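> just coords:
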């Protein structure tokens, strides 16, 4: 293997593929970047077993003298190339197991890993992929992954359920205390799909979808899902098993509806949650719809103090007075996913789940389970 | 060293090889196995053979893995992403290790094909870890196989045992190890003695190649030889060289095992069971010694040695215990002569 290429070109692509580089796994071969050199194309593959990235680089500056296939220790390779001065890099294999990089005044040799050890990762492309706008996909991911479970007691809940049917895409994530559901219309009729993708994979995918490019193609296989974004193929393993049926969890009728200014509500809850000695989702605030149509948000920790916040709804609240308690973290997380300035919080009862919706966020529902306090 | 094929395994564990072969032929595999048997009975090698057979891309007609395909080669190097080997981290297999594995199995396979997870020394599963494993053992995903390896079967949770098929690995025939050692040009006397100490072929070779172990080996006849020489003393000689024996428990144990074997030879000689004597080159000395002591004394001392062998596993003061033993031994001979 021997080729030359412009440093900027290869570095930019390396920064993308290194997102799938494994840092923790005990398997040393996954800490490598697999480089396949063809006559006019450079292919880089990385994988941390959960996600795999394959990237094709075709560039005028690429001059291949000899084709080949190598596995290079990823971390050192990227760091070295980042720091090299030269504009042109000259790479070649010497002594069968060393990579020599010559650029400017530097001459670096790097011990390689055994390319035979690398797993056989198939990047399967379908004939009829689902087409999606990358911005829409990014929004869907942002609005769902946070609600997925982070503890692995029920592995299936650490993923986001994505279903495509009847020109609609639904993304659902839940950790069994809250649920996020986003529905988007897709223009054409694609084949149905129902998969659970690890939330962590999707969080990585967002970072890849930064290029000025609109279209993402989704290829689905029964073992994996592959996102094609320009010259990048991003593949994730799926979670095996059935995602719980969530459609019945979302109530259909809401006798109590309160409309808020999102910012007012956010700051009120943030202030109320300050005086809680419990961390994270265990911090509880209470919401009280008074008969005089003012909403009181309170929190009370006997050993620290007490907060009462009054919030005025945008319109006269519908329904009877209600008192409900919930985790302030879950509520704030949910509010953050809305772009709308006005959000409606809809209740069915004091110990029943409630949902949040926004005017400008069609198809997005955030559901939270209340906490029993008395 | 992993097995190449089932014929190799058959040489050591005919029953297990036959059972596994049959299940492959009839395509009736259990989702979980327990490989159970003493140390050095090739349990781990058998597990890797199983993994190779199941993942091999073109197994031969007689159910053997080809050993040449990419899958086989990576399993031999333990770098296959579908084969997980879990070993105790420190003293135990911890819950985190099991949880990580369960999380891994909850996802679809990295590579096309079945997945095999191997738990080495499964008796060292912490109870929380074992309980976490139960559900996965009960409802394994499609094409997922578990092999648990243990040398103390009774230490496994009943609930785990009931969910798996148990395969018993019998102790390896001593004659087989002996033949191997002789093949490796190990002197015959050694080749007879070492299999009495270990069941593990690799370990046997290692011992025969270790100079320190050989020094200990030569010491035994030398020590016994002093018993009938009036101007020499077993115990004094022992005190000169004992530092080389008390280096670690392995060497101490080896020394004592050899002493026991020699003592047994004395008894065998006394009982005229000459064919059972292992220390054949020393037969003259053994006869001479045996003539001088009563059968009762030999038996008493043998018993003391065996007790000491179990005690060695606890925290005792080795030097005092051995002094005591050798003193008894020497006194026995002195009385006789």
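In hand now; what should we look at? Values in this document were obtained by computation on a predicted structure and should not be read as measured data.

> how about the residue of the stretch 101-250 of chain B found nearest chain A: what's its closest non-neighbour residue?
Distances between the stretch 101-250 of chain B and chain A by Cβ to the nearest Cβ are smallest at residue B:106, namely 3.3 Å. The C-beta positions use only the backbone N, C-alpha and C, and glycine is treated the same way. Excluding its sequence neighbours, the residue lying closest to residue B:106 (Cβ to Cβ, 6 or more residues apart in numbering or on different chains) is residue A:155, at 3.3 Å.

> okay, now that neighbour: neighbour count?
Neighbours of residue A:155 under the rule other Cβ atoms under 10 Å in any protein chain shown: 21.

> now residue B:221
Neighbour count of residue B:221, defined by other Cβ under 10 Å: 17.

> chain A versus residue B:17, what's the distance?
For residue B:17, the distance to chain A equals 29 Å [Cβ to the nearest Cβ, to the nearest Å].

> so what's the gap between the helix or strand in which residue B:175 is found and the chain middle?
Per DSSP states H and E, residue B:175 falls inside helix B:174-183. A distance of 15 Å separates the centroid of the chain from that of helix B:174-183, by Cα atoms, centre = their mean, to the nearest Å.

> hang on, the earlier thing: surely the residue of the stretch 101-250 of chain B closest to chain A meets residue A:240?
Yes - using Cβ atoms under 8 Å, residue B:106 is in contact with residue A:240, at 5.9 Å.

> chain B contacts on chain A?
Contacts of chain A with chain B, taken as Cβ under 8 Å from any Cβ of the partner chain, map to A:27, A:29, A:47, A:49-50, A:116-117, A:119-122, A:152, A:155-156, A:158, A:198, A:222-224, A:237-241.

> just the buried residues of those.
The neighbour count (16 or more other Cβ atoms under 10 Å in any protein chain shown) marks A:27, A:29, A:47, A:49-50, A:117, A:119, A:121, A:155, A:158, A:198, A:223-224, A:237-240 as buried among the residues of chain A next to chain B.

> looking at those residues, which are in strands?
With strands defined by DSSP state E, the entries of those inside them are A:47, A:198, A:224, A:237.

> ok, now which ones touch the last one?
Going by Cβ atoms under 8 Å, 6 or more residues apart in numbering or on different chains, residue A:237 touches A:49-51, A:198, A:201, A:223-224, B:107-110.

> how about 7 Å then?
Contacts for residue A:237 (Cβ atoms under 7 Å, 6 or more residues apart in numbering or on different chains) come out as A:50, A:224, B:107-108, B:110.

> so what sits opposite it in the bridge?
residue A:224 (DSSP bridges).

> can you tell me how far it sits from residue B:141?
13 Å (Cβ to Cβ, to the nearest Å).

> tell me where the model's unsure across chain B.
Flagging of chain B using pLDDT under 70 yields the residue ranges B:1-2, B:313, B:335-337.

> domain map for it?
B:6-168, B:210-336 (automatic domain parsing).

> so residue A:287 makes contact with residue A:299?
No - if you go by Cβ atoms under 7 Å, residue A:287 and residue A:299 don't touch, sitting 10.4 Å apart.
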